[in-house]
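Participant: how would this look folded up:
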Amino acid sequence: MAVVHTSEIKFKVGLDENRVPEQISWNAEDGGISNEPSKAIMLSVWDHKQKDTLRMDLWTKDMPVDEMKQFFHQTLVSMANTFERATDDQKMSATMRDFCDYFAEKLELVKK
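Facilitator: The predicted structure follows:
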């Protein structure tokens, strides 16, 4: 199959004098996102040659801890959903969601 279209997602990270993130914004023109501010990024890239995951986790120094906990919870839930779509392994996906519920309960996160 030939590539007929390309799409870019760009992140811009403003750093302080110690190279700690102060600001994060992102663009995804195909998705209608333009210079959208964010407080955190978790990005995973699969290196198929090394059979390893490369990761980039960034957050601004003013990211509140309660929001970081919520961000992690929502990321874990989305990973369980993606895992199910990618593998059709409903049993493990349900187990992952059970952990997400446990995680939210232990952190006393309020569902919205």
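Participant: Give the helix, strand or coil label for the residue nearest the centre of the chain.
Facilitator: Ranked by distance to the mean C-alpha position of the chain (C-alpha atoms, centre = their mean), the top residue is residue 42 at 4.0 Å. The assignment at residue 42 comes out as strand when based on DSSP: H, G, I helix; E, B strand; the rest coil.
Participant: give me every residue that touches it.
Facilitator: 55, 56, 57, 71, 75 (C-beta atoms under 8 Å, 6 or more residues apart in numbering). C-beta coordinates here come from the backbone N, C-alpha and C atoms, glycine included.
Participant: Equivalent analysis for residue 105, please.
Facilitator: No residues are in contact with residue 105 under the rule C-beta under 8 Å, 6+ apart.
Participant: Can you classify the nearest residue to residue 45 once chain neighbours are set aside as helix, strand or coil?
Facilitator: Using C-beta to C-beta, 6 or more residues apart in numbering and skipping the chain neighbours, the partner closest in space to residue 45 is residue 54 (4.5 Å). Secondary structure, three-state DSSP: residue 54 is strand.
Participant: what's around residue 54, how many residues?
Facilitator: 10 (other C-beta atoms under 10 Å).
Participant: what sits against residue 92?
Facilitator: residue 83.
Participant: I'd like to know how far it sits from residue 99.
Facilitator: 11 Å (C-beta to C-beta, to the nearest Å).
Participant: Also residue 40?
Facilitator: 21 Å.
Participant: Which of these two has more residues huddled nearby?
Facilitator: Using other C-beta under 10 Å as the criterion, residue 40 and residue 99 rank with residue 40 on top: 16 against 12.
Participant: Run through who's touching the helix or strand in which residue 77 is found.
Facilitator: According to DSSP states H and E, residue 77 maps onto helix 65-87. Outside of helix 65-87, the residues within contact range by C-beta under 8 Å, 6+ apart are 39-40, 42, 59, 89-90, 92-93, 96-97, 99-100, 103-104, 107, 109.
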